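Visitor: quick one, what's the 3D model for this:
(4 chains)
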2 protein chains.
Amino acid sequence: MKLNQATDYAMRAVLHLSGLPYGQVVEAKLIAEEEHIPMRFLLKILRLLTKEGIVESHRGVNGGYSLARHPSKITLLDVVEAIEGPITVNRCLYAPEECSKNFSGQCPVHKALFELQQSMAEHLKRYNFQMLHEHVK
Amino acid sequence: MKLNQATDYAMRAVLHLSGLPYGQVVEAKLIAEEEHIPMRFLLKILRLLTKEGIVESHRGVNGGYSLARHPSKITLLDVVEAIEGPITVNRCLYAPEECSKNFSGQCPVHKALFELQQSMAEHLKRYNFQMLHEHVK
DNA sequence: AACAAACTATACTAAATCGGTCCACAATAA
DNA sequence: TTATTGTGGACCGATTTAGTATAGTTTGTT
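Guide: The predicted structure is shown next:
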């Protein structure tokens, strides 16, 4: 029931970018150093964030990364889902055929877990990176 | 962000026991067959549930397992924690020294994740197995 | 044009975790 | 005393995690 290391790094990277003037481009190397993230691994993570439209990449000399939209429009949920995919608490909720009891329609446990899943997504959606950055200033 | 298979099996096993007259002892073999859980693996899971005081084991001929307390006193959280240990969304929340930013006291992201963690635990605590069983009758 | 600075894409790897099995043993009822 | 049930720990193959490596592409500068 935990987030993985890549997600942790991703949140730190986005928080870092949120602390800069909006639109500013910064090299991965700098983020890696300041946030203590292994450089190669960060690049991989930034590609996922780019693909999901959370950051923009700029290639070539003086390239780097910038936010693709204002920090107030990026939520914790956006970042979690960009790295880990949709939150799925129980496998039966997305692959009923894998439920060996084959019970998914009626099973009260799965219903309860689905509600948990919804509530987690709602919770994560409530935090955007402008808010989060305000607290660190 | 998902529960593992063992937890899924554990919930099914406790739900199964909740459907019997309170105190009734049933062999692991029977639970395994009816709930479609690999027998050996189920035994391992039942040992965890026994250790946490959720079920009671009875050894020897005519032995088996029974609930250690009334289904209304067993929550989803109890079962999840018996199998997976405490819910810890982000490693920094329980091992600040592992946070490579070493930032745990002030980091707004970690604060947000801690709140998520609390809310998840609260959510899971709201469901007991009497409730869950009612819905399946 | 050529070079260096940056990101991209894919493959690879060591270590940990997951899902499960096996085996020798202990307790208990008949 | 024997068959039946659970216990405890070792073991195992597959998958995931966390990261590294290698080769290539884009772009600004000279």
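Visitor: A:S119 reaches B:H123, doesn't it?
Guide: Yes. Using CB atoms under 8 Å as the test, A:S119 is close enough to B:H123 to be in contact (5.7 Å). The C-beta positions use only the backbone N, C-alpha and C, and glycine is treated the same way.
Visitor: looking at those two, which is more packed in?
Guide: Neighbours per residue (other CB atoms under 10 Å in any protein chain shown) separate A:S119 from B:H123, with B:H123 holding more: 20 against 15.
Visitor: residue numbers of chain A in contact with DNA strand D?
Guide: With the criterion set to CB under 7 Å from any atom of the strand, chain A comes near DNA strand D through A:4-6, A:9, A:38-41, A:44, A:59-63.
Visitor: can you list those residues in TSV and add neighbour count, secondary structure and pLDDT?
Guide: Shown next, in TSV, are the residues of chain A next to DNA strand D (neighbours: other CB atoms under 10 Å in any protein chain shown; DSSP: H, G, I helix; E, B strand; the rest coil; pLDDT from 0 to 100):
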residue	neighbour count	secondary structure	pLDDT
A:N4	14	coil	94
A:Q5	17	helix	95
A:A6	16	helix	97
A:Y9	24	helix	96
A:P38	13	coil	97
A:M39	11	helix	98
A:R40	10	helix	98
A:F41	13	helix	98
A:K44	11	helix	98
A:R59	7	coil	97
A:G60	6	coil	96
A:V61	5	coil	97
A:N62	8	coil	96
A:G63	12	coil	97
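Visitor: those residues: which two are farthest apart?
Guide: A:N4 and A:V61 (33.1 Å; CB to CB).
Visitor: skip ahead from the lengthiest helix in chain A and say which helix or strand is next.
Guide: Identified as the longest helix of chain A according to DSSP state H is helix A:108-125. Moving toward the C-terminus from helix A:108-125, the next helix or strand (DSSP states H and E) is helix A:129-134.
Visitor: buried ones in that next one, by neighbour count?
Guide: For helix A:129-134, the neighbour count (16 or more other CB atoms under 10 Å in any protein chain shown) marks A:F129, A:M131, A:L132, A:H133 as buried.
Visitor: kind regards, and thank you for your time.
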